[in-house]
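In: sequence unknown, structure follows:
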């Protein structure tokens with residue numbers, strides 16, 4: 001932490017480490033390119049290992065909310081997966097970059113990955129949603145000058161994105177609930 005107080009990325013890291021007490025947490029610097037480092041010099045992905053809150057791996061961005069947001073509310077993103085893999089760190093860095101390049105992701109938005117979430121998966125998009133796996137304790141994160149919402153980057157299929165476009169976000173979430181999807185299963189069947 002600096003003499004002027006913690007940065008937003010540092011505040012997010014403190015929040016994540018507190019939420020995941022008892023889990024190993026590693027901060028991985030993953031700021032692609034010189035332009036990204038100048039915009040947010042301490043941007044990173046936090047990799048949370050299995051522990052008391054669950055047996056999955058969790059990846060959380062830290063530094064997306066560093067640029068001044070209009071209303072003092074920033075966004076960070078979380079993804080939960082079945083294993084630790086560099087692929088997921090890269091995906092979260094991609095989401096952070098997408099958000100920071102002015103696209104300002106929020107609930108009900110989606111991001112095309114451009115390829116399967118993992119080889120052989122039909123999930124090739126990320127749906128931005130509330131972090132249902134972790135709840136409001138992770139979602140609401142105090143940062144200097146305001147707060148950040150930690151939102152879920154849920155891997156979904158192109159068919160699910162098309163269903164959402166036609167029927168709405170809530171209708172798609174109902175399908176997920178009815179099908180009782182396992183969101184960390186990269187080979188789950190599409191619900192649409």
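Out: Right, received. Where do you want to start? Source: prediction; values computed, not measured.
In: Can you get me a residue count around residue 170?
Out: The local packing of residue 170 (other Cβ atoms under 10 Å) involves 10 other residues. Placement of C-beta: from N, CA and C, glycine included.
In: Centre of the chain to the longest strand belonging to the chain, how far?
Out: Looking only at the chain and at elements set by DSSP state E, the strand with the highest residue count is strand 146-157. Going by Cα atoms, centre = their mean, to the nearest Å, the spacing between the C-alpha centre of strand 146-157 and its chain's C-alpha centre is 5 Å.
In: who does that strand touch, helix- and strand-wise?
Out: Packing contacts for strand 146-157, counted by 3 or more Cβ pairs under 8 Å, 6 or more residues apart in numbering; DSSP states H and E, involve helix 8-19, strand 73-81, helix 86-98, strand 123-129, helix 136-139, strand 140-143.
In: how about those, which one is nearest residue 157?
Out: strand 123-129 (5.6 Å; Cβ to Cβ).
In: Adjacent strands (with direction) for the closest one?
Out: strand 110-112 (antiparallel), strand 146-157 (antiparallel) (DSSP bridges).
In: ok, then the element right after the longest strand of the chain?
Out: From strand 146-157 onward toward the C-terminus, using DSSP states H and E, the following helix or strand is helix 158-167.
In: quick check: angle from the longest strand of the chain to strand 73-81?
Out: Using axes from the mean of the first three to the mean of the last three Cα atoms, to 10 degrees, the interaxial angle of strand 146-157 with respect to strand 73-81 works out to 40 degrees.
In: what angle separates strand 146-157 from helix 8-19?
Out: 70 degrees.
In: what is the mean pLDDT for strand 146-157?
Out: Confidence for strand 146-157, expressed as mean pLDDT, is 94.
In: Quick check: buried residues in that strand?
Out: Within strand 146-157, the residues that qualify as buried are 147, 148, 149, 150, 151, 152, 153, 154, 155, 156, 157, counting by 16 or more other Cβ atoms under 10 Å.
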